[in-house]
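> only the shape, not the letters, is given here:
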């Protein structure tokens, strides 16, 4: 069994995040999901919550 290095872990995490982002975009871009979210005020609520969050930099 090979020992995983820090760099290997970082690369794997980045790959997993990229896959997650790609799948999340597919879900959010679905017209049915968009219609449901718009009809339930999801975007307004997310926007209101986002305005109160502090940006960390």
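Received the coordinates, thanks. Every value quoted in this text rests on a predicted model; they were computed, and no experiment measured them.
> hmm, who's touching the biggest helix by length in the chain?
Looking only at the chain and at elements set by DSSP state H, the helix with the highest residue count is helix 6-28. With contact meaning CB atoms under 8 Å, 6 or more residues apart in numbering, helix 6-28 is reached by 33, 34. For every residue, glycine as well, the C-beta is placed using N, CA and C.
> rounded mean pLDDT for it, please.
Here helix 6-28 scores 88 as its mean pLDDT.
> now do the helix or strand following it: distance to the chain's middle.
Following the chain from helix 6-28 toward its C-terminal end, the next helix or strand by DSSP states H and E is helix 31-39. Taking CA atoms, centre = their mean, to the nearest Å, one finds helix 31-39 lying 17 Å from the centre of the chain it belongs to.
> give me every residue that touches residue 2.
Residue 2 makes no contacts at all, as judged by CB under 8 Å, 6+ apart.
> any idea how far it is from residue 9?
Using CB to CB, to the nearest Å, we find residue 2 at a distance of 12 Å from residue 9.
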